[in-house]
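S.K.: What follows is a protein structure lacking sequence information:
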């Protein structure tokens, strides 16, 4: 009789462990998805601002057409991205293109003083800050989720139910990793 009680308690412990671990993995995966969606909202806001910024710059720098077209093309590619990897990759290219617009602005004092350009630049700066914070939150959620999917004993449950490692949002091998040159 005692043996059956011990076996029953062990089975209950295992069942509760499986249920608790599974629910924890689901919760973590949902947090990763929510964090990505939050970041996606800020990216959409960025996509909406870019055409206005480009049109403002066009009025001052019509002969910089290639740079402006590159920004619009990068924006459109980023807006069409479907999965996390595509979103990450296309937004890296978009960030590089936006730096090109601000480089153009440096060559046009009238543009730098234009109220519309200044307002759009400020809005874009705020959105970029929000995106950076959303990336940090996303990566934090991904870290917690990946820890659960990779660490023993929850990795056993993750493997049984098909939970897979999620991708971090990382800076690519672009100019963003290079040192900023400051000269006087």
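M.R.: The structure has been received and is ready for your questions. All figures in this text were calculated on a predicted structure; none of them were measured in a lab. Numbering: from 1, shown residues only.
S.K.: from here on, contacts and neighbour counts on C-alpha atoms
M.R.: Fine.
S.K.: what's the pLDDT at the most centrally placed residue in the chain?
M.R.: In the chain, the centroid-proximal residue (CA atoms, centre = their mean) is residue 135; its distance is 4.6 Å. As predicted, residue 135 sits at a pLDDT of 93.
S.K.: show me the contacts for it.
M.R.: 39, 169 (CA atoms under 8 Å, 6 or more residues apart in numbering).
S.K.: and it, what element?
M.R.: Secondary structure assignment for residue 135, by DSSP states H and E: helix 115-150.
S.K.: Which positions in that helix come out as buried?
M.R.: By neighbour count with 16 or more other CA atoms under 10 Å, helix 115-150 contains the buried residues 117, 120-121, 124, 127-128, 130-131, 134-143, 145-150.
S.K.: for it, the distance to its chain's centre please.
M.R.: Counting by CA atoms, centre = their mean, to the nearest Å, helix 115-150 is centred 6 Å from the centre of its parent chain.
S.K.: Tell me how far the closest residue to residue 31 other than its chain neighbours lies from residue 152.
M.R.: Distance criterion CA to CA, 6 or more residues apart in numbering; nearest residue to residue 31, sequence neighbours excluded, is residue 141 at 6.2 Å. Residue 141 sits 19 Å away from residue 152, going by CA to CA, to the nearest Å.
S.K.: you'd agree residue 167 is up against residue 85?
M.R.: Yes: counting by CA atoms under 8 Å, residue 85 is a contact partner of residue 167 at 7.5 Å.
S.K.: Compare those two and say which is more crowded by neighbours.
M.R.: The neighbour comparison of residue 167 against residue 85 (other CA atoms under 10 Å) goes to residue 167, with 15 against 12.
S.K.: Looking at the more buried one now. What's its pLDDT?
M.R.: 89.
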